[in-house]
Every structure is written in structure tokens, then in C-alpha cells.
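S.K.: Sequence below, structure please.
(one chain, ligands or ions: 1)
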Amino acid sequence: MRRVVVTASTRMELSELIPAASALPFSGVGHLPLWRAELAGQELFIAQTGMGKANAACAATLLCERLTPDLLVNTGCGGAFPGCGVGVGDIAVADAECFADEGVLTPDGWRGLDLIGIPLYEGRGERVFNRVPLPLEPARRALAHAAAEGFAAALGPFLTVSTCSGTSRRGEEMLRRFPGICENMEGAALAHVALIYGVACLEVRGISNMVEDRDMSRWDLKRAVGEVQRFLFSLLKCPDALFGS
Ligand SMILES: O=C(O)c1cccc(C(=O)CC[C@H]2O[C@@H](n3cnc4c(=O)[nH]cnc43)[C@H](O)[C@@H]2O)c1
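M.R.: Take a look at the predicted model:
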């Protein structure tokens, strides 16, 4: 039976998926709040990682060590960069993840880890500095599934940050570092651990806000996490869409 592990940083981002999948609490994987279900002939684990890169990397390591998943799916909400093709309530699918804060601030501006010359990951013919590649086929199948099921969605690179971009100016600065459609706080860490363990990784997020001057009245966390969980549940019920036929 194929094993799929879904992660999100907060309980709110899993609040509809857990009951929809009839998942039950499962203990024994470190400190992690975890649920287990069987869905469409697959074993599904749903884990709450906590917010940010440190929590995400710790959780992903535990999950890869203890559960040896066939696929790691990271979900939750995220901010969309204006003009990238998605808005609040839409779905963003990652084709790569970038550690967008890791680098050097030089007198001539910010530079990525290639300036230092020491990769974050080296192996299987790859040297990864800031940009962690994600397997393209699961991402393309997820995008096609979104279109088929009537969800507005876009595919593109995601940026993972420690400091959320709460101004348009900061958002523009981040896009000068790396092209991207969606900002978040965990994805690159999960993609990085999945790469180390050789586990396929997919990231799908619901857009809760635009990356712009911070105005919480324009955010819709509830709609974002609702849409992405409905989308993800529909995807998880279709092993062909998840793994290919
Ligand atoms: O209060 C704020 O200014 C604020 C800024 C960014 C995110 C939050 C949250 O409460 C959610 C954190 C959670 O959601 C992801 N997320 C959602 N939108 C963004 C964003 O624009 N930039 C970065 N991360 C975002 C993130 O992955 C966290 O897990 C509050």
C-alpha cells in the first residue's frame, strides 16, 4: 500500500482534511500531532509540523525516518505575489522551493548562497544552493486535477522566508532575488529534507493574502485553508492524479 504523508504548520490548515478522511489520532512519531487514515487504497498520515523552517525540517526528518513515505505533500496557506496569476482563495502548486532569506547582505546588495560557494545539499548529481527543485510530474498532475475539478490554480516557484513580507516593497525585493508565485514559511525546509531522503514531494497552498502592505482586513485565511483542503482531499482520493497511472 502506498504511503502518503500530508503536512501543514497549524491545526487550522488540517481541520477539514482530518474529518473528511476519517483520520484518527496516531501516536509514537516524536512530538508530532499526527492522524492516520486509509483512503483510496493508500495509507494516509496527516501531521501538524508547527510554523517555520525549523519546525518543518524537524517534522519532515521524523516523518521520513519513521514512516518512509512514498510521497510527502506539504499544504497550508500562503501569500501570493501580485501579478503571478493567483489571488485570495486560489490554489498555488510549487514547481520549486527557494530558501529566499539564506545568503549574504553585501555592500552591493543581497546575494544567495552561491556567493559563499557551499551548497545546502550535494548529491545525486545536484548542488542545491537556495533553489530546491521539486519533482515536476506530481506538480503538473496536481495542476491538471485542479483544472478538471474547477479550482483556480497556478504552478510556479515558491519562496520560503523567516520574515514575512509585510510591505509591497519587500515583496518586490524578494522577487528580485528569485522569481515566485507564493510566499510561505515552511516549504523549502520540507522540500530540502525530502530531497535528502529521496522522497517525492508536492506542495499545494491556498492563497490567504497578497504580498503587499500589511492589511489583515484583506486576508481570508478561512477561505484559503478551506479551498486547499477541499482540493487536496479530492486529489488524495485519486491515486492516478497523485502518482500517475
Ligand atoms: O500577522 C502577519 O503579518 C502575518 C504574516 C504572514 C503570515 C501570518 C500568519 O498568521 C500565517 C502564517 C502561516 O501561513 C503561511 N503564510 C501565509 N501567508 C504568508 C505570507 O504572506 N508570507 C509568508 N508566509 C505566509 C506561513 O507558511 C505560515 O505557516 C501572519
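
S.K.: Pairing partners for the closest residue to the ligand within the chain in the sheet, please.
M.R.: The ligand sits closest to residue 79 of the chain, with a gap of 2.2 Å, by Cβ to the nearest ligand atom. All C-beta atoms are positioned from the backbone trio N, CA, C, and that covers glycine. Under the criterion DSSP bridges, residue 79 forms beta bridges with residue 183, residue 209.

S.K.: any idea how far residue 241 is from it?
M.R.: 26 Å (Cβ to Cβ, to the nearest Å).

S.K.: ditto for residue 132
M.R.: 23 Å.

S.K.: So which of the two has more stuff around it?
M.R.: residue 132 (27 against 19; other Cβ atoms under 10 Å).

S.K.: Can you read off the pLDDT for the more buried one?
M.R.: Per-residue pLDDT puts residue 132 at 98.

S.K.: So which residues of this protein form helices?
M.R.: Using DSSP state H, the helices of the chain run over residues 17-20, 53-67, 136-148, 168-177, 187-197, 221-236, 239-243.

S.K.: Quick one: list the elements packing against the first one.
M.R.: Spelled out, it's helix 17-20. helix 221-236 (3 or more Cβ pairs under 8 Å, 6 or more residues apart in numbering; DSSP states H and E).

S.K.: Relative to its centre, which residue of this protein is most distant?
M.R.: residue 107 (32.6 Å; Cα atoms, centre = their mean).

S.K.: Pull out the buried positions in stretch 168-181.
M.R.: 170, 171, 174, 175, 177, 178, 180, 181 (16 or more other Cβ atoms under 10 Å).
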